[in-house]
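**Q** Build me a model from this:
(one chain, ligands or ions: 1)
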Amino acid sequence: MRQHAHVTGIFLLATAIIGFAGCKKSSEPSGQPPAPEPAAPGTEPMYTGPWTIGMSQCNLGEPWRMQMNADVEQAALKHDELEVIFKDASNDTLKQRAHVEEFISAGVDLIIISPKEAQPLTEPVAKAIEAGIPVIVLDRRVIGDKYTCFIGADNVLIGREAGKWIVDKLGGAGRVVELKGLMTSTPGQDRHSGFREAIEGTGIEIIFEADMKWLEPNARKEMESALARFEDIDLVYAHNDPGAHGAYLAAKAAGREEDIMFVGIDALPHEGVMYVKQGIMDATFQYPTGGAEAIDIALKILSGEEAPREITLGSRVFTQDNVDAGGEPIGGS
Ligand code: FRU
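**A** Coordinates of the predicted model:
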């Protein structure tokens with residue numbers, strides 16, 4: 001029976017290991033798996049999967065969000081041990097809250113979320129952390145510190161660099177329309193504050209501002225109002241490229257697109273960068289999706305390696321002058 005005892009021992013050991021790995025969800029309030037013993041050089045990390053990741057995307061209406069999901073998917077495809085379940089909240093905060101709760105009940109190993117709004121998504125993300133499920137927050141932040149890792153570019157810096165570029169381009173003075181992204185989301189707040197900081201004390205006058213909630217049709221409508229009210233508009237600063245393009249379409253319909261400059265943010269190759277090449281837009285600032293980085297960090301967290309709490313992605317500016325050369329980095333990024 002020694003043999004049997006030995007087999008049982010192996011079985012118990014295996015159960016303990018599986019149990020330990022499975023336990024990682026409820027063991028640490030930070031959502032991090034328990035720190036494993038440091039692996040000897042050249043040995044495998046302690047956890048090896050398979051793992052299920054729940055990816056909660058706030059909306060798939062914009063090309064940028066399609067790109068983020070494609071980046072996550074492509075990076076995950078390189079790892080057989082990962083399965084990603086994608087959910088699209090169709091720009092509905094309540095739906096997105098429910099999705100996170102579904103992921104918690106399903107007991108996924110990790111959640112990646114790109115939240116529509118900061119405040120309403122804070123609670124479900126905190127609940128996941130309390131349940132021991134690590135959460136990577138992508139692009140738009142939640143409030144407070146109950147998440148495992150945040151990945152995104154510095155939106156205050158992007159707003160500030162856009163402001164500086166605009167001041168320079170307009171020779172220090174001009175009449176500007178600001179079309180803001182959803183102001184209950186952090187990129188909208190940061191792209192606004194960075195921009196305002198950069199134009200303060202200059203001759204730039206904001207003659208019209210509106211929250212177009214990141215959406216091209218809203219931007220077009222708001223721009224129609226701006227055009228009806230103001231005969232003289234030098235430039236539109238939109239918090240994303242769909243917003244800048246919507247404004248351009250309104251100006252074109254009014255026969256005024258040649259008199260106005262358009263600046264946006266995102267710089268997807270087949271969107272903002274293409275508009276700059278076509279002469280539709282004057283500048284776009286890159287906003288990387290962070291999808292591939294999210295999978296890298298997910299693997300680190302899941303396999304029990306040390307993971308950073310915050311990853312700040314770099315950005316580039318694309319203008320008529322540099323677009324063919326691939327743009328230029330901003331703010332030392
Ligand atoms: C897409 C989008 C992007 C923008 C980002 C900000 O939904 O509006 O255009 O850069 O979200 O979170």
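
**Q** what's the one helix or strand residue 54 maps to packed up against?
**A** Following DSSP states H and E, one finds residue 54 within strand 51-57. Using 3 or more Cβ pairs under 8 Å, 6 or more residues apart in numbering; DSSP states H and E, the elements in contact with strand 51-57 are helix 63-77, strand 82-88, helix 93-106, strand 110-114, helix 291-302. To be clear about C-beta, it is placed using only N, CA and C from the backbone, and glycine gets the same treatment.

**Q** for it, which positions count as buried?
**A** 51, 53-57 (16 or more other Cβ atoms under 10 Å).

**Q** can you check stretch 172-179 too?
**A** The neighbour-count check on stretch 172-179 (16+ other Cβ under 10 Å) flags 174-179 as buried.

**Q** Roughly how far does the residue nearest the centre of the chain sit from the ligand?
**A** The residue lying closest to the centre of the chain (Cα atoms, centre = their mean) is residue 139, at 2.1 Å. Distance, residue 139 to the ligand, by Cβ to the nearest ligand atom, to the nearest Å: 5 Å.

**Q** Could you do residue 111 as well?
**A** Taking Cβ to the nearest ligand atom, one finds residue 111 at 18 Å from the ligand.

**Q** quick one: strands adjacent to the strand holding residue 54?
**A** strand 82-88 (parallel), strand 110-114 (parallel) (DSSP bridges).

**Q** want to try CSV for these, with mean pLDDT and mean neighbour count as columns?
**A** CSV is the format used below for those (pLDDT from 0 to 100; neighbours: other Cβ atoms under 10 Å):
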stretch, mean pLDDT, mean neighbour count
strand 82-88, 98, 17
strand 110-114, 98, 28
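
**Q** out of those strands, nearest to residue 245?
**A** Of all those, strand 110-114 sits nearest to residue 245, with 21.3 Å by Cβ to Cβ.

**Q** remind me which residues of this structure are low pLDDT?
**A** Regions of the chain meeting the criterion pLDDT under 70 cover residues 1-45, 332-333.

**Q** which parts of it sit against the ligand?
**A** Where the chain comes near the ligand, counting by Cβ under 6 Å from any ligand atom, the residues are 59, 62, 64-65, 139-140, 181, 185, 187, 214, 240, 242, 265-266, 287.

**Q** cutoff 8 Å now
**A** Taking Cβ under 8 Å from any ligand atom, the part of the chain that reaches the ligand is made up of 58-59, 61-62, 64-65, 114, 139-140, 155, 181-182, 185-188, 214-215, 239-243, 265-266, 287.

**Q** Report the buried members of the residues you listed.
**A** Applying 16+ other Cβ under 10 Å to the residues of the chain next to the ligand flags 58-59, 61-62, 64-65, 114, 139-140, 155, 181-182, 185-188, 214-215, 239-243, 265-266, 287 as buried.

**Q** Wait, residue 67 touches residue 287, no?
**A** No. Under the criterion of Cβ atoms under 8 Å, residue 67 is not in contact with residue 287, lying 10.3 Å apart.

**Q** just the helices in the stretch 101-250 of the chain please.
**A** Per DSSP state H, counting those that start in this stretch, the stretch 101-250 of the chain carries helices over the ranges 118-130, 155-169, 186-199, 216-229, 241-253.

**Q** so what does the second one touch, helix or strand wise?
**A** Just to be clear, that refers to helix 155-169. Using 3+ Cβ pairs under 8 Å, 6+ apart, helix 155-169 sits against helix 186-199, strand 203-211, strand 235-238, strand 261-266, strand 283-286, strand 316-319.

**Q** Which parts of the last one count as buried, going by neighbours?
**A** Right, the one you point to is strand 316-319. Buried-residue list, strand 316-319, by 16+ other Cβ under 10 Å: 316-319.

**Q** list the helices and strands it packs on?
**A** Looks like strand 316-319 contacts helix 155-169, helix 272-278, strand 283-286, strand 328-329 (3+ Cβ pairs under 8 Å, 6+ apart).

**Q** partners of that strand in the sheet?
**A** strand 283-286 (antiparallel), strand 328-329 (antiparallel).

**Q** out of those, deepest packed?
**A** Burial of these is given as mean neighbour count (mean count of other Cβ atoms under 10 Å); strand 283-286 ranks first at a mean of 27.

**Q** and the gap between residue 295 and residue 276?
**A** 29 Å (Cβ to Cβ, to the nearest Å).

**Q** no, scratch that, I was asking about residue 104
**A** Distance of residue 104 to residue 276, given as Cβ to Cβ: 42 Å.

**Q** These two: which is more packed in?
**A** Neighbour count, other Cβ atoms under 10 Å: between residue 104 and residue 276, residue 276 has more, with 27 against 22.

**Q** thought the more buried one was touching residue 283?
**A** Yes. Using Cβ under 8 Å, residue 276 is in contact with residue 283, at 6.8 Å.

**Q** Overlap of the contact sets of the two?
**A** 318-319 (Cβ atoms under 8 Å, 6 or more residues apart in numbering).

**Q** Figure out which of the strands paired with strand 51-57 is closest to residue 257.
**A** Between residue 257 and the strands paired with strand 51-57, the shortest gap by Cβ to Cβ is with strand 110-114, which sits at 32.0 Å.

**Q** Perfect, I'm done here.
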